[in-house]
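Undergrad: sequence plus the predicted model coming up.
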2 protein chains.
Amino acid sequence: MRFTSQTSLDGVTEQLFTLGEIPGVLWTPEDALGTRPLIVMGHGGGQHKKAPGILARARRFVTEGGFAVAAVDVPNHGERPKNEELDRIATENRARIAAGEDTAALVAAMHALVAGQVVAEWQAVLTAVQQLDHVGGGPVGYWGVSMGCGLGVPFVAAEPRVSAAVLGLLGSPALAETAARITVPVQFLVQWDDERAPRAQSLALFDAFGSAEKTLHANPGKHGDLPRFATDDSLRFFSRHLA
Amino acid sequence: MRFTSQTSLDGVTEQLFTLGEIPGVLWTPEDALGTRPLIVMGHGGGQHKKAPGILARARRFVTEGGFAVAAVDVPNHGERPKNEELDRIATENRARIAAGEDTAALVAAMHALVAGQVVAEWQAVLTAVQQLDHVGGGPVGYWGVSMGCGLGVPFVAAEPRVSAAVLGLLGSPALAETAARITVPVQFLVQWDDERAPRAQSLALFDAFGSAEKTLHANPGKHGDLPRFATDDSLRFFSRHLA
């Protein structure tokens, strides 16, 4: 793990790093000392580790919850080299969205293609980050919606160190079997008028989680319209389960 | 409005009252002075104004939110005289529940039968309670699930002083038109495995609210299994909208 920069702003220290070929970022409270809960965040399709929605939530998790937060670029995103096959699928996906066509099968195929690699990368990042003195081996949560849910479901199912997860903005019959292996508390976000994740498929994915404690939060609006108070809810959910 | 008793316990003052023929209870912070937000609570079928689920939530709303809370017995419940027709329907309803039969139409008929009277009574209680020095004319919220939702929907739709409502554990096509007239923020509670409120009808009722801000919170479990943290969520919802 190699740190390439460190800056601090309004109480949050941001460290950019690479772990092998993986570019990542770690946010911690400024002057943090000792072990604290860690939240791994997975970004959405076409986004990157410092996309506005990731950055804004990460800062709140750090300043209001005292958490450490780590995010990395998914293959073919952010600072990572283009992957021809993934790029072709992403281009077709954008075209289908623009045409108002159903994208569920294509999205599921894209996630399946990278899930194995991403799960292994996130596990390696988790191990590396938890060796740092100001993070340590505390409880771990996961936050990811849309593609961050499509890749987060296999990650949370595979990784026993994760003990609570916020997921959502996605429904996929292909994920049901993996979701059934998840038993940690889940907060699942649904946008009631989501133009990309059909409501029935989202409800079916919520149904599929094996967790005894799982809560669905549905709000009116489209895929990109998560209300601001949803982050309040995520913060309290993580505080309850990781504190 | 005639007060018949006043007791205080662990920071909460409880005043029993009658307003005409309506027996009610008002909870306020001990030694409360001046205006504060008020939450009107509607109890479930077969329950009463001081049923355990009402009392426990009311105490939290008072101690953790500083709210005043008022609840009254619905006709044919608690200290009110038996009403022959309502009693006959309630008896048939219990028999249908015991037999595992669908009760939606009967429940809707029962609620419709008393809704007009109940709405007028709750409005009168609201007016009377807000004239008290330690309650005053602050913002008003409503909390009610199951029958408390079946009667709460017409109350919230009719009463412009109510500016936020927690409802749920009920779905009824008969309520859709009234729900569409509600435009204040709504938090709607669904038990995913509710044996009395069919899931599809509950989702349809959530869909029907006219509110721009409405959030559905669904949790696994049956009609009576609302998780403890649902009250945390209600408290924060009221704090956000009534403070």
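TA: Yep, it's here.

Undergrad: how about the helices in chain A?
TA: A:52-65, A:84-98, A:104-129, A:147-150, A:152-158, A:176-180, A:199-208, A:229-242 (DSSP state H).

Undergrad: need the winner for burial among the ones you listed.
TA: helix A:147-150 (a mean of 27; mean count of other CB atoms under 10 Å in any protein chain shown). In short, each C-beta sits where N, CA and C put it, glycine included.

Undergrad: kindly provide the distance from A:Thr183 to A:Lys214.
TA: Distance from A:Thr183 to A:Lys214, counting by CB to CB, to the nearest Å: 10 Å.

Undergrad: of these two, which one has the most company?
TA: Neighbour totals were compared for A:Thr183 and A:Lys214, and A:Lys214 leads with 24 against 14 (other CB atoms under 10 Å in any protein chain shown).

Undergrad: tell me who's in contact with that one.
TA: Counting by CB atoms under 8 Å, 6 or more residues apart in numbering or on different chains, A:Lys214 touches A:Pro185, A:Val186, A:Gln187, A:Phe188, A:Phe206, B:Asn219, B:Pro220.

Undergrad: so which of the residues you listed comes closest to B:Ala51?
TA: The shortest approach to B:Ala51 among those belongs to B:Asn219, at 20.4 Å (CB to CB).

Undergrad: show me what the closest one bridges to in the sheet.
TA: Note on B:Asn219: beta-bridge partners B:Gln191, judged by DSSP bridges.

Undergrad: if we can go back for a sec, I'd like the helices of chain A written out as CSV, with mean pLDDT and distance to B:Gly46 added.
TA: Shown next, in CSV, are the helices of chain A (pLDDT from 0 to 100; distance: least, CB to CB, whole Å):
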stretch, mean pLDDT, distance to B:Gly46
helix A:52-65, 97, 41
helix A:84-98, 90, 50
helix A:104-129, 94, 44
helix A:147-150, 97, 41
helix A:152-158, 98, 41
helix A:176-180, 97, 37
helix A:199-208, 97, 30
helix A:229-242, 96, 32
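
Undergrad: looking at those helices, spot the one closest to B:Glu159.
TA: In terms of CB to CB, the element of those nearest to B:Glu159 is helix A:229-242, at 24.4 Å.

Undergrad: who are the packing partners of the closest one?
TA: helix A:52-65, strand A:140-144, strand A:162-168, strand A:186-191, strand A:214-219, helix B:229-242 (3 or more CB pairs under 8 Å, 6 or more residues apart in numbering or on different chains; DSSP states H and E).

Undergrad: one more time with 10 Å, if that's ok
TA: strand A:38-42, helix A:52-65, strand A:140-144, strand A:162-168, strand A:186-191, strand A:214-219, strand B:214-219, helix B:229-242 (3 or more CB pairs under 10 Å, 6 or more residues apart in numbering or on different chains; DSSP states H and E).

Undergrad: hey, C-alpha coordinates of the second one in PDB?
TA: Backbone C-alpha positions of helix A:52-65 (Å, rounded to 0.1, in the frame of the first residue of the first chain) are rendered in PDB as follows:
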ATOM      1  CA  PRO A  52     -19.700  13.700  -5.500                       C
ATOM      2  CA  GLY A  53     -22.200  11.300  -4.000                       C
ATOM      3  CA  ILE A  54     -19.500   9.200  -2.500                       C
ATOM      4  CA  LEU A  55     -17.400  12.100  -1.200                       C
ATOM      5  CA  ALA A  56     -20.300  13.900   0.400                       C
ATOM      6  CA  ARG A  57     -21.500  10.800   2.300                       C
ATOM      7  CA  ALA A  58     -18.000   9.800   3.200                       C
ATOM      8  CA  ARG A  59     -17.300  13.200   4.800                       C
ATOM      9  CA  ARG A  60     -20.500  12.900   6.800                       C
ATOM     10  CA  PHE A  61     -19.700   9.300   8.000                       C
ATOM     11  CA  VAL A  62     -16.300  10.700   9.100                       C
ATOM     12  CA  THR A  63     -17.300  13.900  10.800                       C
ATOM     13  CA  GLU A  64     -20.700  12.800  12.300                       C
ATOM     14  CA  GLY A  65     -19.900   9.100  13.000                       C
END
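
Undergrad: relative to strand A:140-144, how tilted is it?
TA: Between helix A:52-65 and strand A:140-144, the angle comes out at 150 degrees (axes from the mean of the first three to the mean of the last three CA atoms, to 10 degrees).

Undergrad: report the angle between helix A:52-65 and helix A:229-242.
TA: Going by the same axes, to 10 degrees, helix A:52-65 makes 50 degrees with helix A:229-242.

Undergrad: excluding its backbone neighbours, what's nearest A:His134?
TA: A:Ala32 (4.2 Å; CB to CB, 6 or more residues apart in numbering or on different chains).

Undergrad: tell me if I'm right that the one you found and A:Thr13 touch.
TA: Yes. A:Ala32 is within contact range of A:Thr13, at 7.1 Å (criterion: CB atoms under 10 Å).

Undergrad: joint contacts of these two?
TA: Residues touching both A:Ala32 and A:Thr13 (CB atoms under 10 Å, 6 or more residues apart in numbering or on different chains): A:Val62, A:Ala68, A:His134.

Undergrad: of these, closest to B:Pro154?
TA: For these, the nearest to B:Pro154 is A:Val62 (45.5 Å; CB to CB).

Undergrad: could you tell me which residues make contact with the closest one?
TA: So A:Val62 contacts A:10-14, A:27-30, A:32, A:36, A:39, A:68-69 (CB under 10 Å, 6+ apart).

Undergrad: tell me which of these is nearest to A:Val166?
TA: For those, the nearest to A:Val166 is A:Ile39 (8.8 Å; CB to CB).

Undergrad: so how far is A:Gly45 from that closest one?
TA: Distance from A:Ile39 to A:Gly45, counting by CB to CB: 20 Å.

Undergrad: pick out whichever of these two has more residues nearby.
TA: A direct count of neighbours by other CB under 10 Å for A:Ile39 and A:Gly45 places A:Ile39 higher, at 28 against 20.

Undergrad: give the buried subset of the contacts of A:Val62 as a PyMOL selection command.
TA: Buried members of these, defined by 16 or more other CB atoms under 10 Å in any protein chain shown, are picked up in PyMOL with:
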select buried, chain A and resi 12+13+14+27+28+29+32+36+39+68+69
